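Colleague: Requesting a structural model of the entry that follows:
(chains A and B)
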There are 2 protein chains.
Amino acid sequence: MKKLETIQQYLTDHQTDAAFVTTPDNIFYLSGFSSDPHERLLGVMIFKDAEPFIVCPLMEVPDVKAAGWKFETVGYEDTDDAWEFVKTATDRKLSDLKSLAIEKSHLTVERLEKIEELFSNAGISRLDEQLNAMRNIKDENELTLLREAAALADYAIEVACENIAEGVSELELQTAIELALKKRGVQKMSFDTTVLSGTKTASPHGTPGDRKIQKGDFVLMDLGVVHKGYCSDITRTVSFGDPSAEQLSIYEAVRFANQAAIDLVKPGVRASELDYAAREVITKAGYGEYFTHRLGHGLGISVHEFPSIHGANDFQLEEGMVFTIEPGIYNSEITGVRIEDDVVVTKDGVEVMTKFPKELKIIK
Amino acid sequence: MKKLETIQQYLTDHQTDAAFVTTPDNIFYLSGFSSDPHERLLGVMIFKDAEPFIVCPLMEVPDVKAAGWKFETVGYEDTDDAWEFVKTATDRKLSDLKSLAIEKSHLTVERLEKIEELFSNAGISRLDEQLNAMRNIKDENELTLLREAAALADYAIEVACENIAEGVSELELQTAIELALKKRGVQKMSFDTTVLSGTKTASPHGTPGDRKIQKGDFVLMDLGVVHKGYCSDITRTVSFGDPSAEQLSIYEAVRFANQAAIDLVKPGVRASELDYAAREVITKAGYGEYFTHRLGHGLGISVHEFPSIHGANDFQLEEGMVFTIEPGIYNSEITGVRIEDDVVVTKDGVEVMTKFPKELKIIK
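Modeller: The predicted model follows:
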């Protein structure tokens, strides 16, 4: 529970009595317990000078323990006032709460009013930036799960390539991919699996439909899984039949852009430099106007989290940051191509977690 | 835009200058525009004495107009401060905002602080209950969409029955159902499609797996679609091969419980009476301890919304309320059975929107 100790240290440094965390992703991060409580109250109360507790619906108490939570778990029933339980459990640890840190970008006004009513002496401060900073740097255990999630994404692309054939529709291919993953125990995709073919590949947010794959198409697959709470996100674009010279030229520009950005990754480099390097390759190839989005996004418990990799983001990379590198060219007359990898910044460089080859795959 | 006028009337009655709505479901309800803005600001500002505006990311402005929004749309870019745009657009309508209603159960503390900074003279009040009350009663247009969503759920059950065969796994059946719906243009299920077989049917929240369907199994399907923004939710349980006497007895108890509750539905009846009627049938049949959840939940833009139908809920039914009726018996030694319909309270009774037959279907 090193993460909880880090929060306690933060509370000590900022002379704050306690922190109340209610974002499900952050609760999972701190406790290992994953749940979507919908309207019900779920929270972790962390004290500067006492052991923490989790408050949750009574029926979830066994799951909290099964998730490895070693401290107090306060369960309430639907007919109880959950906040009274928070108050009582807090009072047992600390008779007069004078300062409380919360997630202001998540906690609702209604809940703040409840907290202010129960703990009327407590000054309220933000915990958001501290949690974001912690989640921004992955530890070894998190990296292991992210690698496993990436391997499942690689497998999904393999399955897709095996199922591409004349007359197979985008929806059928999407279904074949997801079924194969379910059979490997994947219970949740990190977002709706994208399969696009022909010039539909030129729509960065297109949705799969009845269009049937035909010779001469590029086929773009963008997908990821949630594995033990951690997400992957991969894109590959393959050719069904021999590509035209223009298709090939677009593909190679994206591939070199992806590689140019990857080659730069190491601690100390600025995020904007990666975006610039990829964009420069594509611009020099004559496709600059068709690369219409940022280079990448952070990846972890959420499929979009810190850090964001774009041209206006000047922070320096640090060891343990995980993000996507996904340049694309979207020319609706010819084709769209995107190639996306999940990478982690290592001590002196980069590890690419998604391993599916990036040389243009031609499916006959 | 009758709904906007209802909000304006509410503002007049409560002497409130304006309301700012930021919940995506409520924005869709009021404007017809559906979007998940993630971290970005999306809101509808409604004035007591002026025309409303929507604030949204610039790239979504055309979609807002395409959704039928006839008033001002304020678009901002990622590099802008969206709140400055809210302030400027508001000042154009009303130079000194003195009172503002917000959704306290949704708006974050961070956003409230921003509002208090920009509109420092404004008293803040709740709009939540007013919006819930409005959404609780569906109009004719909403009922049409809910009927269409229910028809697609019926179709899904048909597809499921056609695909049940010896050795087909739960996951394969789930996949066949979802593929058939996708081919009918369904882009989103209202929740993960449940397919359970054998004694797995006795788990109210079980997840489909590799288990293969075999003769003598009951197969339970629980699913729904999102259709033009509105949800359906159906459960049917069928028999693969001839049922045992005990399976049949459990099935009939659930079927009669479902019908007993439906037969009671009309304006003026209390929600708790429905729950009681269904529970009484099941208890008299000797299975009372195995009916472990509430009778049903409201249905509309969300798959779980008001009204909740359980024994402690004493409100009276009103014309236009839409909810599920879904009694179940979960006996892990024999089988689980649940039968779920979507119903709407009519002027003098009930309309059952899900039409798939409820006599036990035996698949040979």
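
Colleague: by contact count, what packs against whichever helix or strand A:V64 is part of?
Modeller: Assessed by DSSP states H and E, A:V64 sits inside helix A:61-66. The contact analysis (3 or more CB pairs under 8 Å, 6 or more residues apart in numbering or on different chains; DSSP states H and E) places helix A:61-66 against strand A:72-76. The way it works is simple: take the backbone N, C-alpha and C, and place the C-beta from them, glycine included.

Colleague: Buried residues of the helix or strand hosting A:T88, list them for me.
Modeller: In the assignment (DSSP H and E), A:T88 maps to helix A:82-93. For helix A:82-93, the neighbour count (16 or more other CB atoms under 10 Å in any protein chain shown) marks A:82-83, A:85-87, A:89-90, A:93 as buried.

Colleague: What of stretch A:21-38?
Modeller: Under 16+ other CB under 10 Å, the buried positions of stretch A:21-38 are A:21-35.

Colleague: So what touches it?
Modeller: A:3-4, A:7, A:41-46, A:54, A:56-57, A:60, A:63-64, A:67-69, A:102-103, A:106-107, A:111, A:127, A:131, A:134-135, A:229, A:301-302, B:304 (CB atoms under 8 Å, 6 or more residues apart in numbering or on different chains).

Colleague: How far off centre is it?
Modeller: Distance of stretch A:21-38 from its chain centroid, counting by CA atoms, centre = their mean, to the nearest Å, is 15 Å.

Colleague: Can you show me the helices along the stretch 51-200 of chain A?
Modeller: Under the criterion DSSP state H, counting those that start in this stretch, helices of the stretch 51-200 of chain A are mapped to A:61-66, A:82-93, A:109-118, A:128-136, A:140-163, A:170-183.

Colleague: Just name the most buried of the ones you listed.
Modeller: Highest mean neighbour count among the helices of the stretch 51-200 of chain A (mean count of other CB atoms under 10 Å in any protein chain shown): helix A:170-183, with a mean of 21.

Colleague: Show me what it is packed up against.
Modeller: Counting contacts by 3+ CB pairs under 8 Å, 6+ apart, helix A:170-183 packs against helix A:140-163, strand A:194-197, strand A:218-223, helix B:170-183.

Colleague: Format these as JSON lines; extra columns: distance to B:L223.
Modeller: Compiled in JSON lines, those are given as follows (distance: least, CB to CB, whole Å):
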{"stretch": "helix A:140-163", "distance to B:L223": "24"}
{"stretch": "strand A:194-197", "distance to B:L223": "22"}
{"stretch": "strand A:218-223", "distance to B:L223": "22"}
{"stretch": "helix B:170-183", "distance to B:L223": "7"}
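
Colleague: For A:K361, which of those is the nearest?
Modeller: Among the helices and strands packed on helix A:170-183, helix A:140-163 comes nearest to A:K361, with 6.3 Å by CB to CB.

Colleague: Next, the angle from that closest one to helix A:170-183.
Modeller: Per axes from the mean of the first three to the mean of the last three CA atoms, to 10 degrees, the angle that helix A:140-163 makes with helix A:170-183 is 130 degrees.

Colleague: and helix A:140-163 with strand A:218-223, angle?
Modeller: Going by the same axes, to 10 degrees, helix A:140-163 makes 150 degrees with strand A:218-223.

Colleague: Does at least one residue of helix A:140-163 sit close to chain B?
Modeller: No - against chain B, helix A:140-163 shows no contacts by CB under 8 Å from any CB of the partner chain, the least distance being 13.1 Å.

Colleague: what mean pLDDT does that helix have?
Modeller: Summarised as a single mean, pLDDT over helix A:140-163 is 98.

Colleague: How far does that helix sit from its chain's centre?
Modeller: The answer for helix A:140-163 is 14 Å, by CA atoms, centre = their mean.

Colleague: next one: stretch A:116-135
Modeller: In terms of CA atoms, centre = their mean, the centre of stretch A:116-135 is found 24 Å from the chain centre.

Colleague: what are the C-alpha coordinates of it, in PDB please?
Modeller: Taking C-alpha atoms only, stretch A:116-135 is exported to PDB below (Å, rounded to 0.1, in the frame of the first residue of the first chain):
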ATOM      1  CA  GLU A 116     -19.500  20.700   4.800                       C
ATOM      2  CA  GLU A 117     -22.600  19.900   6.900                       C
ATOM      3  CA  LEU A 118     -21.000  16.900   8.600                       C
ATOM      4  CA  PHE A 119     -17.500  18.400   9.100                       C
ATOM      5  CA  SER A 120     -18.400  22.000   9.600                       C
ATOM      6  CA  ASN A 121     -14.900  22.900  11.000                       C
ATOM      7  CA  ALA A 122     -13.000  21.500   8.000                       C
ATOM      8  CA  GLY A 123     -11.300  23.600   5.400                       C
ATOM      9  CA  ILE A 124     -11.500  22.100   2.000                       C
ATOM     10  CA  SER A 125      -8.600  21.800  -0.400                       C
ATOM     11  CA  ARG A 126      -7.800  20.000  -3.700                       C
ATOM     12  CA  LEU A 127      -6.200  16.600  -4.000                       C
ATOM     13  CA  ASP A 128      -6.600  16.400  -7.800                       C
ATOM     14  CA  GLU A 129      -3.100  17.400  -8.900                       C
ATOM     15  CA  GLN A 130      -1.400  15.100  -6.400                       C
ATOM     16  CA  LEU A 131      -3.400  12.100  -7.700                       C
ATOM     17  CA  ASN A 132      -2.800  13.000 -11.300                       C
ATOM     18  CA  ALA A 133       0.900  13.300 -10.700                       C
ATOM     19  CA  MET A 134       1.000   9.900  -9.000                       C
ATOM     20  CA  ARG A 135      -0.900   8.100 -11.700                       C
END
